[in-house]
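> My questions concern the predicted model and sequence given below.
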Amino acid sequence: MALSFSQACHDSVAGLRNSTRGVPVTSRARSASLRVCAAAAEGTATIIDGKMTAAAIRKEIATELAELKAKTSKVPGLAVVLVGNRKDSETYVRSKKKSCAEVGIESFGTELSDQATEEEILKVVADYNANPAVNGILVQLPLPKGINEQRVLDAISLEKDVDGFSPENIGQLAMRGRTPRFVPCTPKGCIELLERYNVPIAGKNAVVVGRSNIVGLPAALLLQNRDATVTIVHSRTKDAQKICADADIVIAALGKAEFMTGDWIKPGAAVIDVGINAVDDKTSPKGYKLVGDVNYKEASAKANWITPVPGGVGPMTICMLLKNTLEGFKQQNGL
Ligand SMILES: NC(=O)C1=CN([C@@H]2O[C@H](COP(=O)(O)OP(=O)(O)OC[C@H]3O[C@@H](n4cnc5c(N)ncnc54)[C@H](OP(=O)(O)O)[C@@H]3O)[C@@H](O)[C@H]2O)C=CC1
Ligand SMILES: Nc1nc(=O)c2c([nH]1)NC[C@@H]1CN(c3ccc(C(=O)N[C@@H](CCC(=O)O)C(=O)O)cc3)C=[N+]21
Ligand SMILES: [Mg+2]
(Lines give C-alpha, C1' and ligand atoms only; values in the text may rest on other atoms or scores of the structure.)
(Ligands and ions follow the chains in the order given, each with its own letter.)
Protein backbone atom coordinates (compact mmCIF):
# COMPACT_ATOMS: atom_id res chain seq x y z
CA MET A 1 0.00 0.00 0.00
CA ALA A 2 2.72 2.45 0.99
CA LEU A 3 4.53 1.63 -2.23
CA SER A 4 1.53 2.32 -4.44
CA PHE A 5 0.83 5.62 -2.71
CA SER A 6 4.39 6.82 -3.08
CA GLN A 7 4.42 5.76 -6.73
CA ALA A 8 1.21 7.67 -7.31
CA CYS A 9 2.67 10.75 -5.62
CA HIS A 10 5.71 10.55 -7.80
CA ASP A 11 3.55 10.27 -10.91
CA SER A 12 1.28 13.05 -9.86
CA VAL A 13 4.07 15.49 -9.07
CA ALA A 14 5.83 14.63 -12.33
CA GLY A 15 2.52 15.25 -14.04
CA LEU A 16 2.17 18.65 -12.41
CA ARG A 17 5.63 19.61 -13.56
CA ASN A 18 4.78 18.63 -17.12
CA SER A 19 1.30 20.02 -17.12
CA THR A 20 0.72 22.80 -19.59
CA ARG A 21 -3.02 23.27 -19.35
CA GLY A 22 -4.01 23.30 -15.79
CA VAL A 23 -4.40 24.92 -12.52
CA PRO A 24 -1.87 22.67 -10.85
CA VAL A 25 1.13 24.26 -12.64
CA THR A 26 1.43 27.19 -10.26
CA SER A 27 4.23 26.85 -7.78
CA ARG A 28 1.80 27.30 -4.94
CA ALA A 29 -0.28 24.39 -6.17
CA ARG A 30 2.87 22.34 -6.74
CA SER A 31 4.06 22.76 -3.20
CA ALA A 32 0.53 22.14 -1.96
CA SER A 33 0.58 18.93 -3.92
CA LEU A 34 3.90 17.91 -2.39
CA ARG A 35 2.39 18.47 1.01
CA VAL A 36 -0.61 16.41 0.01
CA CYS A 37 1.71 13.62 -1.09
CA ALA A 38 3.37 13.54 2.29
CA ALA A 39 -0.09 12.98 3.69
CA ALA A 40 -0.92 10.37 1.06
CA ALA A 41 1.66 8.03 2.53
CA GLU A 42 -0.55 8.00 5.61
CA GLY A 43 -3.56 7.13 3.48
CA THR A 44 -5.06 10.48 2.56
CA ALA A 45 -6.12 11.28 -0.98
CA THR A 46 -5.19 14.27 -3.11
CA ILE A 47 -8.22 16.52 -2.95
CA ILE A 48 -9.35 17.52 -6.41
CA ASP A 49 -10.28 21.16 -5.90
CA GLY A 50 -13.18 21.97 -8.20
CA LYS A 51 -13.66 25.43 -6.81
CA MET A 52 -10.07 26.47 -7.53
CA THR A 53 -10.01 24.75 -10.90
CA ALA A 54 -13.26 26.41 -11.94
CA ALA A 55 -11.89 29.81 -10.90
CA ALA A 56 -8.78 29.25 -13.04
CA ILE A 57 -10.87 28.18 -16.04
CA ARG A 58 -13.11 31.23 -15.64
CA LYS A 59 -9.98 33.36 -16.01
CA GLU A 60 -9.12 31.54 -19.23
CA ILE A 61 -12.67 32.09 -20.49
CA ALA A 62 -12.62 35.80 -19.54
CA THR A 63 -9.36 36.30 -21.43
CA GLU A 64 -10.58 34.60 -24.60
CA LEU A 65 -13.89 36.43 -24.39
CA ALA A 66 -12.19 39.81 -24.09
CA GLU A 67 -10.15 39.09 -27.21
CA LEU A 68 -13.25 38.11 -29.16
CA LYS A 69 -15.09 41.18 -27.90
CA ALA A 70 -12.26 43.43 -29.12
CA LYS A 71 -12.44 41.74 -32.51
CA THR A 72 -16.23 41.54 -33.00
CA SER A 73 -17.69 44.16 -30.63
CA LYS A 74 -20.02 41.42 -29.44
CA VAL A 75 -20.28 39.35 -26.26
CA PRO A 76 -21.82 35.91 -25.76
CA GLY A 77 -25.27 35.70 -24.17
CA LEU A 78 -26.76 32.95 -21.99
CA ALA A 79 -30.48 32.65 -21.24
CA VAL A 80 -31.66 30.72 -18.19
CA VAL A 81 -35.30 29.75 -17.84
CA LEU A 82 -36.50 29.01 -14.32
CA VAL A 83 -39.99 27.69 -13.67
CA GLY A 84 -41.35 27.43 -10.14
CA ASN A 85 -39.70 28.24 -6.84
CA ARG A 86 -37.49 25.36 -5.81
CA LYS A 87 -34.87 26.75 -3.46
CA ASP A 88 -32.02 24.69 -4.93
CA SER A 89 -32.88 25.73 -8.49
CA GLU A 90 -33.00 29.39 -7.44
CA THR A 91 -29.54 29.01 -5.89
CA TYR A 92 -28.06 27.49 -9.07
CA VAL A 93 -29.62 30.12 -11.30
CA ARG A 94 -28.26 32.93 -9.13
CA SER A 95 -24.86 31.32 -9.18
CA LYS A 96 -24.95 30.99 -12.99
CA LYS A 97 -25.77 34.70 -13.40
CA LYS A 98 -22.95 35.68 -11.07
CA SER A 99 -20.47 33.54 -13.00
CA CYS A 100 -21.64 34.99 -16.32
CA ALA A 101 -21.02 38.50 -15.02
CA GLU A 102 -17.56 37.54 -13.81
CA VAL A 103 -16.37 36.37 -17.23
CA GLY A 104 -18.27 38.93 -19.32
CA ILE A 105 -21.15 36.85 -20.65
CA GLU A 106 -24.43 38.74 -20.88
CA SER A 107 -27.16 36.92 -18.97
CA PHE A 108 -30.79 36.77 -19.90
CA GLY A 109 -33.31 35.22 -17.58
CA THR A 110 -36.97 34.43 -17.40
CA GLU A 111 -38.69 33.31 -14.23
CA LEU A 112 -42.14 31.78 -14.46
CA SER A 113 -44.42 30.66 -11.64
CA ASP A 114 -44.99 26.99 -10.95
CA GLN A 115 -48.43 27.51 -12.50
CA ALA A 116 -46.96 28.32 -15.91
CA THR A 117 -48.33 26.27 -18.77
CA GLU A 118 -46.24 24.23 -21.17
CA GLU A 119 -47.25 26.64 -23.95
CA GLU A 120 -45.96 29.62 -21.96
CA ILE A 121 -42.63 27.91 -21.39
CA LEU A 122 -42.39 26.97 -25.06
CA LYS A 123 -43.04 30.59 -26.02
CA VAL A 124 -40.14 31.76 -23.83
CA VAL A 125 -37.84 29.20 -25.44
CA ALA A 126 -38.99 30.19 -28.94
CA ASP A 127 -38.24 33.85 -28.23
CA TYR A 128 -34.70 33.03 -27.05
CA ASN A 129 -34.21 30.79 -30.09
CA ALA A 130 -35.00 33.80 -32.27
CA ASN A 131 -32.88 36.28 -30.30
CA PRO A 132 -29.43 36.67 -31.92
CA ALA A 133 -27.93 38.09 -28.69
CA VAL A 134 -28.61 34.74 -27.01
CA ASN A 135 -26.06 32.07 -27.85
CA GLY A 136 -27.06 29.52 -25.24
CA ILE A 137 -30.34 28.49 -23.60
CA LEU A 138 -30.68 26.52 -20.38
CA VAL A 139 -34.02 25.41 -19.00
CA GLN A 140 -33.42 24.60 -15.34
CA LEU A 141 -34.51 21.06 -14.43
CA PRO A 142 -36.59 19.63 -12.92
CA LEU A 143 -39.66 21.39 -14.34
CA PRO A 144 -42.86 21.39 -12.26
CA LYS A 145 -45.05 18.28 -12.33
CA GLY A 146 -47.38 18.15 -15.30
CA ILE A 147 -44.92 19.80 -17.68
CA ASN A 148 -43.52 17.56 -20.41
CA GLU A 149 -39.81 18.09 -19.83
CA GLN A 150 -38.79 16.34 -23.03
CA ARG A 151 -41.06 18.51 -25.14
CA VAL A 152 -39.60 21.69 -23.63
CA LEU A 153 -35.99 20.55 -24.06
CA ASP A 154 -36.71 19.49 -27.65
CA ALA A 155 -37.85 23.05 -28.39
CA ILE A 156 -34.37 24.48 -27.71
CA SER A 157 -32.59 25.00 -31.01
CA LEU A 158 -29.65 22.61 -31.43
CA GLU A 159 -27.28 25.53 -31.99
CA LYS A 160 -28.13 26.95 -28.54
CA ASP A 161 -28.40 23.71 -26.54
CA VAL A 162 -25.48 24.52 -24.21
CA ASP A 163 -26.58 21.78 -21.77
CA GLY A 164 -25.93 19.32 -24.59
CA PHE A 165 -29.05 17.31 -23.72
CA SER A 166 -30.49 16.88 -27.23
CA PRO A 167 -30.68 13.39 -28.75
CA GLU A 168 -28.71 14.72 -31.73
CA ASN A 169 -25.95 15.85 -29.44
CA ILE A 170 -25.87 12.70 -27.27
CA GLY A 171 -25.84 10.67 -30.50
CA GLN A 172 -22.79 12.54 -31.75
CA LEU A 173 -21.14 11.99 -28.39
CA ALA A 174 -21.80 8.25 -28.59
CA MET A 175 -20.55 7.73 -32.15
CA ARG A 176 -16.88 7.31 -32.86
CA GLY A 177 -15.32 9.95 -35.07
CA ARG A 178 -18.15 12.44 -34.53
CA THR A 179 -17.90 15.75 -32.73
CA PRO A 180 -20.89 16.89 -30.68
CA ARG A 181 -21.73 20.60 -30.72
CA PHE A 182 -21.79 20.72 -26.92
CA VAL A 183 -20.53 18.27 -24.33
CA PRO A 184 -22.95 18.12 -21.33
CA CYS A 185 -21.62 20.34 -18.55
CA THR A 186 -21.46 18.05 -15.52
CA PRO A 187 -19.72 15.12 -17.27
CA LYS A 188 -17.43 17.56 -19.09
CA GLY A 189 -16.48 19.05 -15.71
CA CYS A 190 -15.71 15.58 -14.32
CA ILE A 191 -13.33 14.81 -17.21
CA GLU A 192 -11.73 18.24 -17.00
CA LEU A 193 -10.93 17.57 -13.32
CA LEU A 194 -9.42 14.16 -14.07
CA GLU A 195 -7.31 15.63 -16.87
CA ARG A 196 -6.11 18.70 -15.00
CA TYR A 197 -5.04 16.50 -12.09
CA ASN A 198 -3.28 14.10 -14.47
CA VAL A 199 -5.36 11.09 -13.52
CA PRO A 200 -4.66 8.44 -16.17
CA ILE A 201 -7.81 7.36 -18.05
CA ALA A 202 -6.80 5.31 -21.10
CA GLY A 203 -6.86 1.58 -20.42
CA LYS A 204 -8.23 2.03 -16.90
CA ASN A 205 -11.36 0.46 -15.46
CA ALA A 206 -13.93 3.18 -14.99
CA VAL A 207 -17.28 2.67 -13.30
CA VAL A 208 -20.10 5.18 -13.57
CA VAL A 209 -22.81 4.78 -10.94
CA GLY A 210 -26.04 6.13 -12.44
CA ARG A 211 -27.32 6.20 -16.03
CA SER A 212 -29.30 9.43 -16.26
CA ASN A 213 -29.35 11.26 -19.59
CA ILE A 214 -27.78 14.33 -18.03
CA VAL A 215 -24.97 12.82 -15.95
CA GLY A 216 -24.32 9.08 -15.92
CA LEU A 217 -24.79 8.23 -19.59
CA PRO A 218 -22.75 11.09 -21.08
CA ALA A 219 -20.06 10.63 -18.40
CA ALA A 220 -19.69 6.99 -19.46
CA LEU A 221 -19.48 7.98 -23.13
CA LEU A 222 -16.78 10.58 -22.43
CA LEU A 223 -14.69 8.07 -20.46
CA GLN A 224 -15.06 5.51 -23.24
CA ASN A 225 -13.99 8.13 -25.79
CA ARG A 226 -10.81 8.49 -23.75
CA ASP A 227 -10.17 4.74 -23.96
CA ALA A 228 -11.27 3.74 -20.47
CA THR A 229 -13.04 0.38 -20.13
CA VAL A 230 -16.39 1.54 -18.85
CA THR A 231 -19.05 -0.18 -16.76
CA ILE A 232 -22.34 1.54 -15.98
CA VAL A 233 -23.98 0.55 -12.71
CA HIS A 234 -27.64 1.35 -11.94
CA SER A 235 -30.40 0.49 -9.50
CA ARG A 236 -30.94 -2.98 -11.00
CA THR A 237 -27.26 -3.93 -11.03
CA LYS A 238 -26.29 -6.99 -9.01
CA ASP A 239 -23.19 -6.65 -6.84
CA ALA A 240 -22.72 -2.96 -7.60
CA GLN A 241 -20.32 -2.67 -4.70
CA LYS A 242 -18.09 -5.45 -5.99
CA ILE A 243 -17.98 -3.89 -9.46
CA CYS A 244 -17.03 -0.49 -8.03
CA ALA A 245 -14.38 -1.96 -5.79
CA ASP A 246 -12.51 -2.96 -8.96
CA ALA A 247 -12.61 0.52 -10.50
CA ASP A 248 -9.59 2.74 -11.03
CA ILE A 249 -11.98 5.63 -11.67
CA VAL A 250 -15.42 5.97 -10.09
CA ILE A 251 -17.96 8.59 -11.08
CA ALA A 252 -20.74 8.56 -8.51
CA ALA A 253 -24.06 9.99 -9.71
CA LEU A 254 -26.85 8.06 -8.04
CA GLY A 255 -28.37 10.74 -5.86
CA LYS A 256 -28.19 9.01 -2.45
CA ALA A 257 -26.44 10.72 0.43
CA GLU A 258 -23.11 9.10 1.35
CA PHE A 259 -24.33 5.81 -0.13
CA MET A 260 -20.93 4.58 -1.33
CA THR A 261 -18.92 3.66 1.73
CA GLY A 262 -15.22 2.87 1.94
CA ASP A 263 -15.68 -0.75 0.90
CA TRP A 264 -16.88 0.44 -2.55
CA ILE A 265 -13.52 2.03 -3.27
CA LYS A 266 -10.39 0.36 -4.63
CA PRO A 267 -7.18 1.51 -2.90
CA GLY A 268 -5.55 4.14 -5.12
CA ALA A 269 -8.71 4.93 -7.11
CA ALA A 270 -9.86 8.33 -8.38
CA VAL A 271 -13.29 9.19 -7.00
CA ILE A 272 -15.43 11.86 -8.66
CA ASP A 273 -18.50 12.53 -6.55
CA VAL A 274 -21.26 14.22 -8.54
CA GLY A 275 -23.94 13.82 -5.88
CA ILE A 276 -25.46 16.88 -4.23
CA ASN A 277 -27.66 15.91 -1.30
CA ALA A 278 -28.96 18.18 1.44
CA VAL A 279 -29.01 16.47 4.84
CA ASP A 280 -30.20 17.91 8.15
CA ASP A 281 -27.49 19.58 10.17
CA LYS A 282 -28.51 21.34 13.35
CA THR A 283 -25.04 22.88 13.74
CA SER A 284 -25.29 24.79 10.44
CA PRO A 285 -27.11 28.14 10.30
CA LYS A 286 -29.08 26.91 7.28
CA GLY A 287 -30.19 23.80 9.16
CA TYR A 288 -28.74 21.53 6.49
CA LYS A 289 -25.47 20.69 4.82
CA LEU A 290 -24.56 19.29 1.40
CA VAL A 291 -23.01 15.86 1.08
CA GLY A 292 -22.14 13.75 -1.93
CA ASP A 293 -23.12 10.23 -2.95
CA VAL A 294 -19.83 8.98 -1.49
CA ASN A 295 -18.92 8.73 2.17
CA TYR A 296 -16.06 11.20 1.93
CA LYS A 297 -14.29 10.29 5.14
CA GLU A 298 -14.12 6.59 4.38
CA ALA A 299 -13.41 6.96 0.67
CA SER A 300 -10.66 9.54 1.10
CA ALA A 301 -8.79 7.09 3.34
CA LYS A 302 -8.53 4.68 0.38
CA ALA A 303 -8.55 6.78 -2.77
CA ASN A 304 -5.59 8.56 -4.35
CA TRP A 305 -7.80 11.36 -5.69
CA ILE A 306 -11.20 12.52 -4.52
CA THR A 307 -13.55 15.45 -5.12
CA PRO A 308 -15.21 17.08 -2.11
CA VAL A 309 -18.87 18.13 -1.87
CA PRO A 310 -19.34 21.06 -1.95
CA GLY A 311 -16.37 22.43 -3.90
CA GLY A 312 -15.88 19.57 -6.36
CA VAL A 313 -17.97 18.90 -9.45
CA GLY A 314 -20.65 21.54 -8.73
CA PRO A 315 -18.55 24.63 -9.49
CA MET A 316 -17.15 22.88 -12.58
CA THR A 317 -20.65 22.31 -13.96
CA ILE A 318 -21.34 26.03 -13.99
CA CYS A 319 -17.91 26.76 -15.40
CA MET A 320 -18.45 24.30 -18.29
CA LEU A 321 -21.76 26.02 -18.98
CA LEU A 322 -19.86 29.27 -19.47
CA LYS A 323 -17.39 27.47 -21.70
CA ASN A 324 -20.18 25.98 -23.81
CA THR A 325 -21.81 29.39 -24.13
CA LEU A 326 -18.54 30.82 -25.41
CA GLU A 327 -18.29 27.84 -27.77
CA GLY A 328 -21.84 28.52 -29.02
CA PHE A 329 -21.00 32.18 -29.57
CA LYS A 330 -17.99 31.21 -31.67
CA GLN A 331 -19.95 28.63 -33.67
CA GLN A 332 -22.83 31.03 -34.33
CA ASN A 333 -20.52 33.86 -35.39
CA GLY A 334 -18.23 31.71 -37.52
CA LEU A 335 -15.22 32.49 -35.30
N1 LIG B 1 -22.69 18.48 -9.23
C2 LIG B 1 -23.48 18.76 -10.24
O3 LIG B 1 -23.19 19.64 -11.02
C4 LIG B 1 -24.71 17.96 -10.46
C5 LIG B 1 -25.11 17.11 -9.49
N6 LIG B 1 -26.19 16.30 -9.67
C7 LIG B 1 -26.45 15.33 -8.59
O8 LIG B 1 -26.00 14.05 -9.04
C9 LIG B 1 -26.85 13.01 -8.55
C10 LIG B 1 -27.42 12.24 -9.72
O11 LIG B 1 -28.21 13.09 -10.52
P12 LIG B 1 -29.09 12.56 -11.76
O13 LIG B 1 -28.23 11.79 -12.66
O14 LIG B 1 -29.89 13.68 -12.26
O15 LIG B 1 -30.05 11.53 -10.95
P16 LIG B 1 -31.20 10.57 -11.44
O17 LIG B 1 -32.07 10.35 -10.26
O18 LIG B 1 -31.77 11.03 -12.72
O19 LIG B 1 -30.41 9.20 -11.73
C20 LIG B 1 -29.89 8.43 -10.69
C21 LIG B 1 -29.27 7.16 -11.28
O22 LIG B 1 -28.70 6.41 -10.23
C23 LIG B 1 -29.16 5.08 -10.28
N24 LIG B 1 -29.25 4.53 -8.92
C25 LIG B 1 -30.13 4.87 -7.96
N26 LIG B 1 -29.92 4.15 -6.85
C27 LIG B 1 -28.87 3.33 -7.13
C28 LIG B 1 -28.18 2.33 -6.39
N29 LIG B 1 -28.54 2.04 -5.14
N30 LIG B 1 -27.16 1.70 -6.96
C31 LIG B 1 -26.80 2.00 -8.22
N32 LIG B 1 -27.42 2.93 -8.98
C33 LIG B 1 -28.45 3.57 -8.43
C34 LIG B 1 -30.49 5.14 -10.97
O35 LIG B 1 -30.76 3.88 -11.55
P36 LIG B 1 -32.06 3.61 -12.49
O37 LIG B 1 -31.71 4.18 -13.81
O38 LIG B 1 -32.14 2.11 -12.51
O39 LIG B 1 -33.21 4.27 -11.81
C40 LIG B 1 -30.27 6.25 -11.97
O41 LIG B 1 -29.70 5.73 -13.16
C42 LIG B 1 -27.87 13.74 -7.68
O43 LIG B 1 -27.37 13.75 -6.35
C44 LIG B 1 -27.89 15.15 -8.23
O45 LIG B 1 -28.29 16.10 -7.27
C46 LIG B 1 -26.90 16.30 -10.84
C47 LIG B 1 -26.55 17.16 -11.85
C48 LIG B 1 -25.45 18.09 -11.73
N1 LIG C 1 -30.82 22.26 -17.32
C2 LIG C 1 -30.09 21.95 -16.25
N3 LIG C 1 -28.74 21.92 -16.33
C4 LIG C 1 -27.99 21.61 -15.24
O5 LIG C 1 -26.73 21.56 -15.32
C6 LIG C 1 -28.64 21.32 -14.00
C7 LIG C 1 -30.04 21.38 -13.96
N8 LIG C 1 -30.73 21.68 -15.09
N9 LIG C 1 -30.71 21.10 -12.82
C10 LIG C 1 -30.01 20.79 -11.58
C11 LIG C 1 -28.64 20.22 -11.81
C12 LIG C 1 -27.73 20.39 -10.63
N13 LIG C 1 -26.69 21.31 -11.05
C14 LIG C 1 -25.73 21.87 -10.21
C15 LIG C 1 -24.97 22.96 -10.59
C16 LIG C 1 -24.09 23.56 -9.72
C17 LIG C 1 -23.93 23.08 -8.45
C18 LIG C 1 -23.00 23.77 -7.51
O19 LIG C 1 -22.41 24.79 -7.83
N20 LIG C 1 -22.81 23.28 -6.29
C21 LIG C 1 -21.95 23.88 -5.29
C22 LIG C 1 -22.72 24.15 -4.00
C23 LIG C 1 -23.92 25.03 -4.20
C24 LIG C 1 -24.69 25.28 -2.90
O25 LIG C 1 -24.06 25.70 -1.92
O26 LIG C 1 -25.92 25.04 -2.90
C27 LIG C 1 -20.83 22.92 -4.93
O28 LIG C 1 -21.02 21.70 -5.16
O29 LIG C 1 -19.81 23.36 -4.44
C30 LIG C 1 -24.65 21.97 -8.06
C31 LIG C 1 -25.54 21.37 -8.95
C32 LIG C 1 -26.89 21.63 -12.35
N33 LIG C 1 -27.96 21.02 -12.85
MG1 LIG D 1 -33.51 13.46 -12.88
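Sure, I can see it. Ligands and ions are numbered 1, 2, ... in the order given.
> what about the helix or strand hosting Ile137 and ligand 1, touching?
Counting by DSSP states H and E, the element that carries Ile137 is strand 136-139. No - with CB under 6 Å from any ligand atom as the threshold, strand 136-139 lies outside contact range of ligand 1, at a closest distance of 12.1 Å. The way it works is simple: take the backbone N, C-alpha and C, and place the C-beta from them, glycine included.
> Give me the helices and strands touching that strand, please.
Using 3 or more CB pairs under 8 Å, 6 or more residues apart in numbering; DSSP states H and E as the contact criterion, the neighbours of strand 136-139 among helices and strands are strand 77-83, helix 118-130, helix 313-332.
> what about the residue of the stretch 201-335 of the chain found nearest ligand 2, how many residues close to it?
Among the residues of the stretch 201-335 of the chain, Gly314 lies closest to ligand 2, at 2.2 Å counting by CB to the nearest ligand atom. Taking other CB atoms under 10 Å as the criterion, the count of residues near Gly314 is 25.
> can you tell me which residues contact it?
With contacts defined as CB atoms under 8 Å, 6 or more residues apart in numbering, the neighbours of Gly314 are 50, 276.
> Kindly reformat the helices and strands packed on strand 136-139 as TSV containing distance to Asp163 and mean pLDDT.
Listed next are the helices and strands packed on strand 136-139 as TSV, based on distance: least, CB to CB, whole Å; pLDDT from 0 to 100:
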stretch	distance to Asp163	mean pLDDT
strand 77-83	11	98
helix 118-130	12	98
helix 313-332	8	98
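> Redo the ones you listed as a markdown table? Include distance to Ile147.
Converted to a markdown table, those look like this (distance: least, CB to CB, whole Å):
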| stretch | distance to Ile147 |
| --- | --- |
| strand 77-83 | 7 |
| helix 118-130 | 5 |
| helix 313-332 | 22 |
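> And the ones you listed: which comes nearest Ala55?
Distances from Ala55 to each of the helices and strands packed on strand 136-139 were compared using CB to CB; the minimum, 7.9 Å, belongs to helix 313-332.
> Check whether the closest one comes near ligand 1.
Yes - between helix 313-332 and ligand 1, judged by CB under 6 Å from any ligand atom, the touching residues are 313-314, 317.
> one step back: quick one: the strand holding Ile137 to chain centroid distance?
The chain centre lies 16 Å from the centre of strand 136-139; the measure is CA atoms, centre = their mean, to the nearest Å.
> What residues sit buried inside stretch 133-140?
134-140 (16 or more other CB atoms under 10 Å).
> Next: stretch 235-253.
Of the residues in stretch 235-253, those with enough neighbours to count as buried (16+ other CB under 10 Å) are 237, 240, 243-245, 247-253.
> For the protein, which segments count as strands?
Assigned by DSSP state E, the chain shows strands spanning 46-47, 77-83, 106-112, 136-139, 205-209, 229-233, 249-252, 270-273, 277-280, 288-291, 305-306.
> Residues contacting the third one, please?
Which is strand 106-112. Contacts of strand 106-112 with the rest of the structure, by CB under 8 Å, 6+ apart, involve 75-84, 93, 96-97, 100-101, 120-121, 124, 128, 131, 133-134.
> That one vs helix 118-130, what angle?
What separates the directions of strand 106-112 and helix 118-130 is an angle of 170 degrees, with axes from the mean of the first three to the mean of the last three CA atoms, to 10 degrees.
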